[in-house]
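[1] Here is a sequence together with a model predicted from it:
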Amino acid sequence: MSRKGLVERRRFNRLALAPSLIVLFVIAGLPAIYLVVTSLTPFQLVNPGSSTDFNAPLRNYRLLPDDPRFVNSLWVQAKLSFWGVLFQVLLGMLLALLLHTQSRVVEFARTFFLIPMVLPPIVVAIIWKLIYTPDISPLYYAAGLLNIAMPSLTSSVDFALTAIIIADTWEWLPFTFLMVLAALQTIPDEFSEAALVDGANRLQIFFYITLPFITPILVISGMFRLIDSVKAFPLVFLLTGGGPGSVTEVTNYYAYLLAFDFNEIGYSSAVTIVMLLLVVAVSLGVVWMGRRREAMA
Amino acid sequence: MSGPIRRSASVRRLVAIGVTLIALLSPFLWLLQMSFKSNDLILQFPPPLIFTPTLQNYASLWQGAFPASFVNSLMSASFSTALALILGVPAAYALSRWAGHGKHALSFAILVTRMAPPIAFTIPFFLFYRWIGLLDTVTGLVLVYTSFNLPLVIWMMQPFFETVPSSLEEAALVDGASTRIVFLEIVLPMVTPGIAATAILCFLYAWNDFFFALILTRSNARTAPVAVVNFMNYEGWEWGKIAAGGSLVMAPVLIFSLAVRRYLVSGLTAGAVKG
C-alpha cells in the first residue's frame, strides 16, 4: 500500500472507531466510574446530600465482612455456581456424546436441543414456577400418582436452592452441550480407528482419546458458565425471591434488594463492586486459559 | 467430517435421542399447551392431554395493556440493534484491519463491558435516568441495551471481515478508490449475512432482557417480559394469561433462532464470552 494509502487508512480507522469508543465510554465507562463513586458514599435515596458525603469513603467496604447477609450471599452464590456448573458440564458432555453422530435427522434435531438456552430468561423462570407450583404442576401430579409426598420445593429450606440449580441447569445445559459437540467434531477419526485396530473398547477410547481431547473445552465452557452464573437473577426473583429466609439470596439479588428495596444505593454499589471484581478475576482466568490453550494448539 | 468410520446413527441411539429431547423440552411444551387451555382446564387434574384448544387467553391479552408492552419491546430491541450496528460495524472493520499496537488491549476493554453483571449498570443508569428524566422511556432502554449490544457487534463482526480477501481491497485501492468507498461498496456487501445474523442476535439479547426493564420502566415503557410477570402479582395468578403471554414473548426468539441456526453457535458463544 502506498504511503498516502496508509495515512488514509489510519484516518479511516480512527473515524470508524471513534464513535463506538465515545458511546461505549458514555454508556459503560461513565456508569462504571459513577458506581465506584457512589460506593464511597453512604448514599440513600431518601437522604439528599448523602450522595456527596465522602467523609468516610471506605465505610461501606469495612462493613461488608461483618454483614452476615453479604457473607451468606457469597456462600449461596458459590453453592449455586459450583453445582450448576458441575451438572451443566457433565450433562452437556453426555448429551454431546449422544448427539455426536453423522446423520441428517440428528443434525436437524440438534437445533431443538438449544431451545432452553435461547428462551427469554424470564420465560424459563415462568416455566419452572409452573412446575414448582403444587396446584397446577404436572410434577406434583405425577408424584401424587406414585404416592410420593413431595415437599413444596421452592419454599423449603432444604430444597429451594436445589430447585434453582435444577432450573439453571436446564436452561444452560445446551450451552455446554454446544461447546463440547464442537470440540468432539475436531477429533480426527484416525485416532479412534487406530485404537480400535489395537483392540481398545469404547470406554478405553473415551478415557484415553476423547476425554483428553475435550478436557480444555470442558474447563473453558465451565468457566464461561461460572462467570455467567451470577446472572441467575430471573430464576431467583420469580421462584423464591431469595427465600425462604435467605437460603437462595445470591449476591446479585442482595445487591438488587439493597438498592431498589432498601434504598441503600451506596452500600449496594460497594457490594456490586466486590462482585464485579470477583467476576473480572474469573474472566481473566478464562482469558489466560484460552491463551494457554491457543499456545498448546 | 468424512472419515472412513461413518458414525451413522443406530436405531438405539435415535430412540435415546428422541427420549432425551422430549424430556428436555417437556417443561417448555407444558407452558405452550397451557396457553391454549381455558382456566378451568388448566386446574383440572388429571391433565387432559387431548382437549379443544382455545384462543381465549390470547384474546384476553389483546384487550389489556399487553400489546402496548409488546410494542415497547419491539421498539427498544430494534432501535438498540440499529444503533449498535451503525456504530459497531465500521468499528469492527477498523479493528479487523488494524495492525497497530493496542489492538488486544482495546478489544479486551470492549469485552469487559460485556462481562459485567447487569446490576453494575442498573444503579448508575437508574440514578442518571432519574436525574435527566429518561426513567420509563423507550429511549432509556435503547441506550442500556446498546451498552451490551455494541460490544457484541464489534466482537462478532470481526471474524466476518477477516474472511474478506485483502487482495480485493488492495486492487480497488490501486484503482484509486478511497478506504471509505472500499468499505461501503466492496467489503460491506460481502459480509451482509454476518450483519443479518449479528442483528438478530442483538435483537434477541435486548428482547430477552428482564432485569433492566424491571428497574428502569414503570408503565409507559414497560416491556413484554415485565408485563407477563405482572400477571403474577396484581391480578392474582392468571395462569392462562401467563402461559399465553410467555408463549408470545418467546415466539420471536424461536423463529429467529431457527432463521440464524448457522450463526447461532458463534453468536451465543460470543455472547457467553462477553455477556
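    On my side now, so go ahead.
[2] Report how many residues lie close to the residue in the stretch 151-297 of chain A positioned nearest to chain B.
    The minimum distance from the stretch 151-297 of chain A to chain B, using Cβ to the nearest Cβ, falls at residue A:189 (2.9 Å). To be clear about C-beta, it is placed using only N, CA and C from the backbone, and glycine gets the same treatment. Neighbours of residue A:189 under the rule other Cβ atoms under 10 Å in any protein chain shown: 14.
[3] what does the stretch 151-275 of chain B put close to chain A?
    Within reach of chain A by Cβ under 8 Å from any Cβ of the partner chain, the stretch 151-275 of chain B has these residues: B:151, B:154, B:170, B:173, B:178-180, B:183, B:204, B:207-208, B:210-211, B:214-215, B:225-226, B:228-229, B:232, B:239, B:242-243, B:246, B:249-250, B:253-254, B:257-258, B:261, B:264-265, B:268-269, B:272-273, B:275.
[4] Residue A:194: which element?
    Using DSSP states H and E, residue A:194 sits within helix A:189-197.
[5] after that helix, next one along is what?
    With DSSP H and E, the next secondary element past helix A:189-197 is helix A:202-205.
[6] Which SSE is immediately downstream of that following helix?
    Assigned by DSSP H and E, the successor of helix A:202-205 is helix A:211-228.
[7] how far is that following helix from where the chain is centred?
    Here helix A:211-228 is found 13 Å from its chain centre; the criterion is Cα atoms, centre = their mean, to the nearest Å.
[8] what packs against that helix?
    Under the contact criterion of 3 or more Cβ pairs under 8 Å, 6 or more residues apart in numbering or on different chains; DSSP states H and E, helix A:211-228 touches helix A:68-99, helix A:160-184, helix A:265-296, helix B:261-274.
[9] Reformat those helices into a markdown table and put mean neighbour count and distance to residue A:218 next to each item.
    Formatted as a markdown table, these follow (neighbours: other Cβ atoms under 10 Å in any protein chain shown; distance: least, Cβ to Cβ, whole Å):
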| stretch | mean neighbour count | distance to residue A:218 |
| --- | --- | --- |
| helix A:68-99 | 19 | 6 |
| helix A:160-184 | 23 | 7 |
| helix A:265-296 | 18 | 11 |
| helix B:261-274 | 19 | 14 |
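[10] Low-confidence bits of the stretch 151-275 of chain B, can you list those?
    Regions of the stretch 151-275 of chain B meeting the criterion pLDDT under 70 cover residues B:233-236, B:265-275.
[11] circling back to that earlier point, the helix holding residue A:194: which residues count as buried?
    Along helix A:189-197, these residues count as buried under the neighbour rule (16 or more other Cβ atoms under 10 Å in any protein chain shown): A:192, A:195.
[12] what's around residue B:44, how many residues?
    Neighbours of residue B:44 under the rule other Cβ under 10 Å: 13.
[13] give the contact list for the closest residue in space to residue A:89 that isn't next to it in sequence.
    Once flanking residues are discounted, residue A:89 sits nearest to residue A:222: 4.8 Å by Cβ to Cβ, 6 or more residues apart in numbering or on different chains. Applying Cβ atoms under 8 Å, 6 or more residues apart in numbering or on different chains, we find residue A:222 in contact with A:85, A:88-89, A:176.
[14] Minimum pLDDT in the residues you listed, which residue is that?
    Note: of the contacts of residue A:222, the lowest pLDDT belongs to residue A:176, at 92.
[15] How about it, nearest residue that isn't a chain neighbour?
    residue A:92 (2.8 Å).
[16] Report the contact partners of that neighbour.
    By Cβ under 8 Å, 6+ apart, residue A:92 lies in contact with A:173-180, A:221.
[17] Would you confirm that residue A:173 contacts residue A:90?
    No - with contacts counted by Cβ atoms under 8 Å, residue A:173 stays clear of residue A:90, the gap being 9.5 Å.
[18] pLDDT weak spots in the stretch 1-150 of chain A?
    Scanning the stretch 1-150 of chain A for pLDDT under 70 picks out A:1-2.
[19] change it to 90
    Residues of the stretch 1-150 of chain A meeting the criterion pLDDT under 90: A:1-14, A:28-29, A:43-57, A:100-111, A:133-150.
[20] tally of neighbours for residue A:104?
    By other Cβ under 10 Å, 8 other residues sit near residue A:104.
[21] same check, this time on residue A:244
    Neighbours of residue A:244 (other Cβ under 10 Å): 16.
[22] wait, is it part of a helix?
    No - counting by DSSP: H, G, I helix; E, B strand; the rest coil, residue A:244 is not part of a helix but coil.
[23] Next, the contact list for it, please.
    Here residue A:244 is in contact with A:155-157, A:160 (Cβ under 8 Å, 6+ apart).
[24] Which ChimeraX command selects the buried ones in these?
    Per 16+ other Cβ under 10 Å, the buried members of the contacts of residue A:244 correspond to this ChimeraX selection:
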select /A:155,156,160
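[25] so which pair among the contacts of residue A:244 is furthest apart in space?
    For the contacts of residue A:244, the maximum inter-member distance is 8.6 Å, found between A:155 and A:157 (Cβ to Cβ).
[26] Mind pulling up the pLDDT for the residue positioned nearest the centre of chain A?
    By Cα atoms, centre = their mean, chain A has its centre lying nearest to residue A:228, at 2.0 Å. Note on residue A:228: pLDDT of 86.
[27] re the thing from before, any of the residues of the stretch 151-275 of chain B next to chain A buried? List them.
    Buried members of those, counted by 16+ other Cβ under 10 Å: B:151, B:154, B:173, B:179, B:183, B:204, B:207-208, B:210-211, B:214-215, B:225-226, B:228-229, B:232, B:239, B:242-243, B:246, B:249-250, B:253, B:257, B:264-265, B:268-269, B:272-273, B:275.
[28] quick one: which of the residues you listed sit in helices?
    B:151, B:154, B:173, B:179, B:204, B:207-208, B:211, B:214-215, B:225-226, B:228-229, B:239, B:242-243, B:246, B:249-250, B:253, B:257, B:264-265, B:268-269, B:272-273 (DSSP state H).
[29] before we move on, the earlier item: how near is the residue nearest to residue A:176 to residue A:180?
    6 Å (Cβ to Cβ, to the nearest Å).
[30] Could you pull out the residues contacting both of those two?
    Residues within reach of residue A:92 and of residue A:180 at once, by Cβ under 8 Å, 6+ apart, are residue A:221.
[31] okay, now residue A:4: neighbour count?
    Number of residues near residue A:4 (other Cβ under 10 Å) recorded here: 8.
[32] can you give me phi and psi for it?
    Main-chain torsions, residue A:4, degrees, to the nearest 10: phi -60, psi -40.
[33] closest to residue B:116 among the contacts of residue A:222?
    Using Cβ to Cβ, those come closest to residue B:116 at residue A:85, 19.4 Å.
[34] what's near enough to touch the closest one?
    A:222, A:225-226, A:229.
[35] hmm, 10 Å instead?
    By Cβ atoms under 10 Å, 6 or more residues apart in numbering or on different chains, the contact list for residue A:85 reads A:165, A:168-169, A:172, A:176, A:221-226, A:228-229.
[36] so what sits against both of residue A:155 and residue A:157?
    Common neighbours of residue A:155 and residue A:157, counting by Cβ under 10 Å, 6+ apart, are A:243-244, A:247.
[37] one step back: could you dump the contacts of residue A:222 into CSV and include distance to residue B:90?
    Listed next are these as CSV, based on distance: Cβ to Cβ, whole Å:
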residue, distance to residue B:90
A:85, 37
A:88, 37
A:89, 38
A:176, 35
